[in-house]
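Chemist: curious how this folds, go ahead:
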Amino acid sequence: MRIALIAHDKMKPEIIAFATNHKAKLEKHKLVATGTTGKQIIEHTGLNIKCYRSGPLGGDQEIGADVANGKIDMIFFFRDPLTAQPHEPDVSALLRLSDVYKIPLATNLSTGEYIIKALE
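Modeler: Purely as a prediction, here's the structure:
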């Protein structure tokens with residue numbers, strides 16, 4: 001499977017912990033991530049991740065293009081619902097594309113834990 005990992009700034013510790021806890025499952029798959037999130041996950045886990053640009057610099061759109069082109073099978077996007085994001089239209093577009101193309105999308109840790117079980 002091709003899996004995208006994304007997190008808003010305040011959620012990066014949570015996605016790093018998630019990736020650490022599920023490293024054995026994730027390392028069996030092709031991983032992509034937005035720039036800062038991917039670099040931090042690599043630093044903490046050693047996972048092999050292709051990093052795109054940072055989300056505000058177009059990374060969310062790059063992953064959205066992969067979704068539209070059939071190159072993403074699952075998304076873990078840990079969002080911060082309490083902080084306004086300057087690139088909110090890009091975030092909304094990615095969420096819409098995941099719905100259009102029926103891509104499983106976890107926007108928080110609880111949903112992530114359920115979806116990761118599908119990899120077993």
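
Chemist: count the neighbours of residue 97 for me.
Modeler: 21 (other C-beta atoms under 10 Å). No exception for glycine: its C-beta is placed from N, CA and C like everyone else's.

Chemist: wouldn't it be in contact with residue 64 here?
Modeler: Yes. The pair residue 97 / residue 64 is scored as a contact, 4.9 Å apart, by C-beta atoms under 8 Å.

Chemist: any shared contact partners between these two?
Modeler: Between them, residue 97 and residue 64 share no contacting residue under C-beta atoms under 8 Å, 6 or more residues apart in numbering.

Chemist: in stretch 108-119, what counts as buried?
Modeler: 112, 115, 116 (16 or more other C-beta atoms under 10 Å).

Chemist: where's the first one, which helix or strand?
Modeler: Looking back up the chat, that one is residue 112. helix 109-116 (DSSP states H and E).

Chemist: any idea how far that helix is from the middle of the chain?
Modeler: 12 Å (C-alpha atoms, centre = their mean, to the nearest Å).

Chemist: got the CA positions of that helix in CSV?
Modeler: Only the C-alpha atoms of helix 109-116 are listed here, as CSV (Å, rounded to 0.1, in the frame of the first residue of the first chain):
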residue,chain,number,x,y,z
LEU,A,109,-5.2,9.4,16.6
SER,A,110,-8.3,7.3,17.5
THR,A,111,-9.3,6.9,13.8
GLY,A,112,-5.7,6.2,13.0
GLU,A,113,-5.6,3.3,15.4
TYR,A,114,-8.7,1.8,13.8
ILE,A,115,-7.4,2.2,10.2
ILE,A,116,-3.9,0.9,11.0
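
Chemist: and it, what does it pack against?
Modeler: If contacts are counted by 3 or more C-beta pairs under 8 Å, 6 or more residues apart in numbering; DSSP states H and E, helix 109-116 sits against helix 12-21, strand 74-78, strand 105-106.

Chemist: thank you kindly, that will do.
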